[in-house]
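S.K.: Show me how the following folds:
(chains A, B, C and D)
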4 protein chains.
Amino acid sequence: MSGSTLGKLFAVTNFGESHGPAIGCVIDGCPPGMALSVDDIQPDLDRRKPGTSRHVTQRREDDRVEILSGVYDGQTTGTPIALLIRNEDQKSKDYGNIADAFRPGHADYTYLQKYGIRDHRGGGRSSARLTAPTVAAGAVAKKWLKQKYGVVVNGYLAQLGENKIPFESLVHVHDNPFFAANATMIAELETYMDKLRKSGESCGARINVVASGVPVGWGAPIYDRLDAAIAYAMMGLNAVKGVEIGAGFASVEQLGTQHSDEMTPEGFLSNNAGGVLGGISTGQDITVSIAIKPTSSIRLDRQTINKAGESVVINTHGRHDPCVGIRATPIAEAYLALVLMDHALLHRAQNADVMVATPKIASSAATSSASTKGRADNHDPNEA
Amino acid sequence: MSGSTLGKLFAVTNFGESHGPAIGCVIDGCPPGMALSVDDIQPDLDRRKPGTSRHVTQRREDDRVEILSGVYDGQTTGTPIALLIRNEDQKSKDYGNIADAFRPGHADYTYLQKYGIRDHRGGGRSSARLTAPTVAAGAVAKKWLKQKYGVVVNGYLAQLGENKIPFESLVHVHDNPFFAANATMIAELETYMDKLRKSGESCGARINVVASGVPVGWGAPIYDRLDAAIAYAMMGLNAVKGVEIGAGFASVEQLGTQHSDEMTPEGFLSNNAGGVLGGISTGQDITVSIAIKPTSSIRLDRQTINKAGESVVINTHGRHDPCVGIRATPIAEAYLALVLMDHALLHRAQNADVMVATPKIASSAATSSASTKGRADNHDPNEA
Amino acid sequence: MSGSTLGKLFAVTNFGESHGPAIGCVIDGCPPGMALSVDDIQPDLDRRKPGTSRHVTQRREDDRVEILSGVYDGQTTGTPIALLIRNEDQKSKDYGNIADAFRPGHADYTYLQKYGIRDHRGGGRSSARLTAPTVAAGAVAKKWLKQKYGVVVNGYLAQLGENKIPFESLVHVHDNPFFAANATMIAELETYMDKLRKSGESCGARINVVASGVPVGWGAPIYDRLDAAIAYAMMGLNAVKGVEIGAGFASVEQLGTQHSDEMTPEGFLSNNAGGVLGGISTGQDITVSIAIKPTSSIRLDRQTINKAGESVVINTHGRHDPCVGIRATPIAEAYLALVLMDHALLHRAQNADVMVATPKIASSAATSSASTKGRADNHDPNEA
Amino acid sequence: MSGSTLGKLFAVTNFGESHGPAIGCVIDGCPPGMALSVDDIQPDLDRRKPGTSRHVTQRREDDRVEILSGVYDGQTTGTPIALLIRNEDQKSKDYGNIADAFRPGHADYTYLQKYGIRDHRGGGRSSARLTAPTVAAGAVAKKWLKQKYGVVVNGYLAQLGENKIPFESLVHVHDNPFFAANATMIAELETYMDKLRKSGESCGARINVVASGVPVGWGAPIYDRLDAAIAYAMMGLNAVKGVEIGAGFASVEQLGTQHSDEMTPEGFLSNNAGGVLGGISTGQDITVSIAIKPTSSIRLDRQTINKAGESVVINTHGRHDPCVGIRATPIAEAYLALVLMDHALLHRAQNADVMVATPKIASSAATSSASTKGRADNHDPNEA
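M.R.: Predicted coordinates:
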């Protein structure tokens, strides 16, 4: 039950600080016999890493991952897979000026109060850099989920500050620096970000993540529901302040006839549930939306206190993302994949023998449209 | 790691079905020496139970709790506290007509697919009735948190369908059947509910929960963050589709200077963080907001399928809440209290020896105003 | 990770005190669709209960079990199975005289020091009575293991005080009050016990437990080895002071050529391993032997101290087993079954897809002889 | 609940294979503010490492440990401490001849059957080499336990094959290559080992481990007893086949008056309990004894089968310990320290507020003599 471990059967234990010798994780419980190499993991790390465009931090972190164990002859052995990423670009001096003051919106104050000591360099363990090992572990889960069940997890930027980004197609996600599922609005977003960056400000973002192909039956009634596990993982992602599944907060103003998803032999007619009913997957797309707060490290003056409890003014130079949400898409995908992987194993542990006479309703075809309808009900920011 | 257990050190294991012999829970890890009797638990169960007004289900469930173990001579002994609630009003016939069809928005379909068998009576384990044991356990946590740390957890109905309910004062919460922190709008809500009930429809709701007096330092960086644990618990509450902490989704459109909470020797100047930074409590109020979907059991015709996979029309008579959100306030309070209790024990297990030179900033005074400001930033539905 | 829970996927949470309202447990994670009724559980409880012969305590405890949840229409539903046993024969006065003094060999002193309060009535939670819920849970595990894998768990009394009991046949176990796998030595054991009882003394015992039919592959390398889990469960059984697997302590004086079990296409040639190699089951019988200390509650005067720290003399009247080991056989069987059940689920969670080309060696035929040989190497007390 | 994790609050996750890139562990939950450097860890690793005398394997493994995280400015920060040990001396060819055959007494067969794939090089994950990370983690626990509670853990070789080693004094343990608490018998043991090694045989051993200074109150009643946790850890140590606490198996033949430890205001009069009553520490020495089987890798011919299921003869050359028990002493110490550390944190999490009026009995003085008496009752092999 170690606090730094995510998952019960596919258990990922995270370690490291931003400016220590290394960061990494240990994946325990991975099924054996799956082909695995650095090439399966590095691409997602590269999607997350800084310096990929002028709109994110210019820190240089190659984030090269090394597999230390659990793989033999190119295949997973079923024993723990340790992943190591050495820290490189450690300009600790960038952070010297904040060693004694508590940055507003950061964990500086809470860490010191909890532990009595904190590694302030680059935010230490609270740095978003620590999402890299989770992304690496998520890549392993993604591969297994796809091979075994055809599950695919896709995320995209749904809103950047005040700019809602119409959903056009997932094919665009990799063609722009924002992970936007949109091709027509990129220039506008670039302009917005350039202006924001020059102003010294930062902004928030909304990320949507969708898992397709999840079989009906994953999850549990009480307490370890699939949606609860997803909320746990997503709220645990740095800077996240809100999580929605399916219709989310829009369901507050829906009526019963608007929300509950009707069923036909051809499938569900909508997906307000977001693919989860009673804590268990329905077979429809699992649709998740998260709110990411604006970066707390900004160049503008902010009022705070120092270790002595004295009032001081602070502004954070150094190299920071004007919107941490931009790089959050691959991270959110990884968290969702890890939750699904864990529940896939939990489900078959208990229910491997279950035979259901009732034919599963063909939700695949229905799902895409249903998801759209579902997300329409959801006042999805994608909708123009 | 049993899926039906909530918490690691203050571990609550839930059992039971709506129409089985009994429901209940086992609380493991409660500190010894605390005075405890049924009188500490029954009041919260009574707040949650049905039949308290015409706006909720008229089922008769006395929900009398019995303490089976863990208490001797009026005090907790540190051994497991088993709580038992016998089921009484079981009109299974009410549900006979839905034994073979899958109610839209319910777990009927997912349970059968997962387990190959389901106890359909009253929704079986997916019934909101199963929140009673959690409420009972939450009452134990509330008492300890208040005695030991002065922590108080209060919830209230913030929105009922389309009706946003201005926050006036917590004193009003117990004076109306809606748990509204408001005295002037009750008649309007009564009218809305009467009309809704007659129409056969149902509506959603938003509940806010606030924990005051939580010391700085509870929680952890990765993965077991306090906000992640809160999101897990809240999303696990029946019918919840969204969870926000602090500014929540409003943070998407905030700028860095608007969101991050500045600090002074007198305290924080706002509470967009909702009392959690870097996964650790700040000492400010912990502010949580949840979205509850409209009741899925309605009298109006809905399209669905039966066990044979055939298309059928269903409408649910029997006795149901036109808005399950109305009774959700004490449940949400319980879940938050259980998470805080668990993290209180986790924190002192590791950090009991920590001495911090830096004086904690006086957040108490600042908090109330800060919370208001924080929730203002949060576009709180309470705001007219 | 609740301390009162045994197992990860087949998780049994135990509650209750000897003289409280009730004792029981919650079984979480049981696979659905297995026929289950009180008749499957009561027999093992009856084997364990007191008053079955003059050689055990004359307390009257019917130990009638009630199933509160998790079973519908005669089948397990996959949801938590709560088992309740009401306490009846509570002559607390029997224990009044020991409320203030610490009985040597009992948990009186350690409980008070740990919790600051203790329910002394009948030993409270430290009473062997609390093994009843574990026996009940074990009966559920036994049924599933037998139906699904043909696994059978049998225990027997191997030594009573200084009397080593030659192993004749398991068929005799149910024909005598000692659970001895022997028919010729019963009179001798009766005489020994009568003499012991009259003397006011108590004696220790050795129990052997054997699980047959366990497939190769259950367990894990580090740390959660099958043998480690067995040792945890067995040492957790009241009054146990030692645990052996396979050759056990005899292996200290064995040479490499004597200990390691050679293999042939027909099977293993011995079973010094006791069915576990590298923490993983071999497919041979799993052979476990445990040492049970003499009952601490005896009529003879013993030196101790009271709550005030003063020296006092104590002797325990009331109704006690002169040898708690006699009733320990069904308890040991239950603990072993619970460990195997949990590891059966853990194994298939990770390795359900594993296909091994190598044919499993036919260990069945070889096992019986191998076990004998193995236990011979083990200087088994059964050997005359 | 990852299987490769030991402990709940001081959780050690182990990874690596004998001939992979590296082995190591992640320690999660270490209290912050403790001075820690490689110098605190390396000494125990050096005690365990091979090549220290002609009586152990001549493999060259420097086992240099690197601290990757969780330590800042020379102190623990409360975040995960990752420890890395690179593998060096990997003569995989030594093992080429055993790639296809299953070595008797080894995990070759069970691993392949469980996972369908195995890293045979040097035994892969089943190699005793994987105890190094546990020893490293144990060193951290030892330091904290000593600083915080004055707890000291000492182990020694009590029997080597048929040679029982009289206990003289712990001061001798570091003066001979056997970890024997004896100065007069070393030459005899050297002669025995030289003869054994030349013969190609191997032998078993018995290790005793004693923890002194453990406060009364650590542990729990059911199921997570301190003795159960110790048995779990010890049986999990490679090659262990038996675990005793206190009087162990000797208690089978003891009478009630012989076994139960009488108490006086000056302390306990014996220690047959081995420092644990009712699963909770008594304040006396915690005395544990384990049986270690003879090394399975020997030069003499053994009958086995290969992957094709064919009968073959195997003998293992390469560099192996003629008695793996010789190097097991520091490993057993580490396992005991880790269990105590975890329970120290678990205890204060629940019971930090407990105030006991009753003065703890002065067990310190009484303990040493009591332990001796206790181990005498235990037919301790140390006794000539």
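
S.K.: Smallest gap between the stretch 151-300 of chain A and chain C, at which residue?
M.R.: Per CB to the nearest CB, A:Pro221 is where the stretch 151-300 of chain A lies closest to chain C, at 6.5 Å. Bear in mind the C-beta positions are built from the backbone N, C-alpha and C, glycine included.

S.K.: And what about that residue, helix, strand or coil?
M.R.: Here A:Pro221 is recorded as coil under DSSP: H, G, I helix; E, B strand; the rest coil.

S.K.: That one: neighbour count?
M.R.: 28 (other CB atoms under 10 Å in any protein chain shown).

S.K.: Same question for A:Tyr149.
M.R.: Neighbour count of A:Tyr149, defined by other CB under 10 Å: 15.

S.K.: My guess is it contacts A:Pro215. True?
M.R.: Yes - in terms of CB atoms under 8 Å, A:Tyr149 counts as a neighbour of A:Pro215; the distance is 6.1 Å.

S.K.: which residues of the stretch 1-150 of chain A fall in strands?
M.R.: Using DSSP state E, counting those that start in this stretch, the strands of the stretch 1-150 of chain A run over residues A:5-6, A:11-16, A:22-28, A:65-67, A:71-72, A:75-76, A:81-86.

S.K.: who's in contact with the closest residue to chain B within the stretch 1-150 of chain A?
M.R.: Relative to chain B, the nearest point of the stretch 1-150 of chain A is A:Ala107 (2.3 Å; CB to the nearest CB). Shown in contact with A:Ala107 (CB atoms under 8 Å, 6 or more residues apart in numbering or on different chains): A:123, A:126, B:221, B:277-280.

S.K.: try it again with 6 Å
M.R.: Applying CB atoms under 6 Å, 6 or more residues apart in numbering or on different chains, we find A:Ala107 in contact with A:126, B:277-278.

S.K.: same deal with A:Asp261?
M.R.: A:268, A:270, A:272-273, B:104.

S.K.: can you redo these as TSV with secondary structure and distance to chain D?
M.R.: Listed next are these as TSV, based on DSSP: H, G, I helix; E, B strand; the rest coil; distance: CB to the nearest CB, whole Å:
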residue	secondary structure	distance to chain D
A:Phe268	strand	34
A:Ser270	coil	37
A:Asn272	coil	34
A:Ala273	coil	29
B:Pro104	coil	36
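
S.K.: Report the entries of those residues that also contact chain C.
M.R.: Here nothing survives when these are matched to chain C using CB under 6 Å from any CB of the partner chain.

S.K.: which of those residues are buried?
M.R.: A:268, A:270, A:272-273, B:104 (16 or more other CB atoms under 10 Å in any protein chain shown).

S.K.: and the end-to-end length of stretch A:207-218?
M.R.: Stretch A:207-218 stretches 23 Å from its first residue to its last (CA to CA, to the nearest Å).

S.K.: What parts of the stretch 251-384 of chain A come near chain C?
M.R.: A:345, A:348-350, A:352.

S.K.: closest to B:Val173 among these?
M.R.: Each of those was checked against B:Val173 using CB to CB; the closest is A:Gln350, at 40.5 Å.

S.K.: Looking at the residues of the stretch 251-384 of chain A next to chain C, spot the one nearest chain C.
M.R.: Chain C has its nearest neighbour among those in A:Ala349, at 3.5 Å by CB to the nearest CB.

S.K.: Which helix or strand contains the nearest residue to the closest one once chain neighbours are set aside?
M.R.: Among residues not flanking A:Ala349 along the chain, C:Ala349 sits closest, at 3.5 Å (CB to CB, 6 or more residues apart in numbering or on different chains). When secondary structure is defined by DSSP states H and E, C:Ala349 falls within helix C:329-351.

S.K.: give me the number of residues near the closest residue to A:Cys203 other than its chain neighbours?
M.R.: Nearest residue to A:Cys203 in three dimensions, chain neighbours excluded: A:Gly161, at 3.5 Å (CB to CB, 6+ apart). By other CB under 10 Å, 23 other residues sit near A:Gly161.
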